[in-house]
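Novice: Kindly generate the corresponding structure for this input.
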Amino acid sequence: FTLVESGGGLVQPGGSLRLSCAASGFTSDLYAIGWFRQAPGKEREAVSCINNVSDGDGSTWYADSVKGRFTISRDKFKNAAYLQMNELKPEDTAIYYCASDPDCTSWYAPLGPDYWGQGTQVTVAS
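Specialist: Residues are numbered from 1 along each chain as shown. Modelled structure (predicted):
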């Protein structure tokens, strides 16, 4: 399993970014896939997850801190997932990691998902 993130960068408060996660070595829509973030000096935080398309029905989950601003999606033909981030705030600054596991329950479990990307930096500053 390989997950590769892209799309991070520097953006002003109120701006938007779209993160991408390219999956290889597995059929991503048969797994949950989504995002975590970690800011300097803070613990890792689950951000969003889109469930597998079978028993997970492709349902989505968002942390309260991003609900209404971030949208997760997937493209099964490209074997990829995306995180559209709007109305960005300085507190969204972090390294964002793509992750995958059989379903989204690991997003709120202590150990988290089994598969991780290397991360992409998102900085929100004026």
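Novice: low pLDDT regions in this protein?
Specialist: The chain contains residues with pLDDT under 70 at 56.
Novice: partners of the residue nearest the centre of it in the sheet?
Specialist: The residue lying closest to the centre of the chain (CA atoms, centre = their mean) is residue 35, at 2.0 Å. In this structure, residue 35 bridges to residue 48, residue 98 when assessed by DSSP bridges.
Novice: There's contact between it and residue 20 in this structure, I believe.
Specialist: No - Residue 35 is beyond contact range of residue 20, at 10.9 Å (criterion: CB atoms under 8 Å). Any C-beta I mention is one placed from the backbone N, CA and C, and that applies to glycine too.
Novice: for the nearest residue to residue 25 once chain neighbours are set aside, what are its contacts?
Specialist: Nearest residue to residue 25, sequence neighbours excluded (CB to CB, 6 or more residues apart in numbering): residue 1, at 4.7 Å. Residue 1 makes contact with 23, 24, 25, 26, 100, 114, 115, according to CB atoms under 8 Å, 6 or more residues apart in numbering.
Novice: Noted, bye for now.
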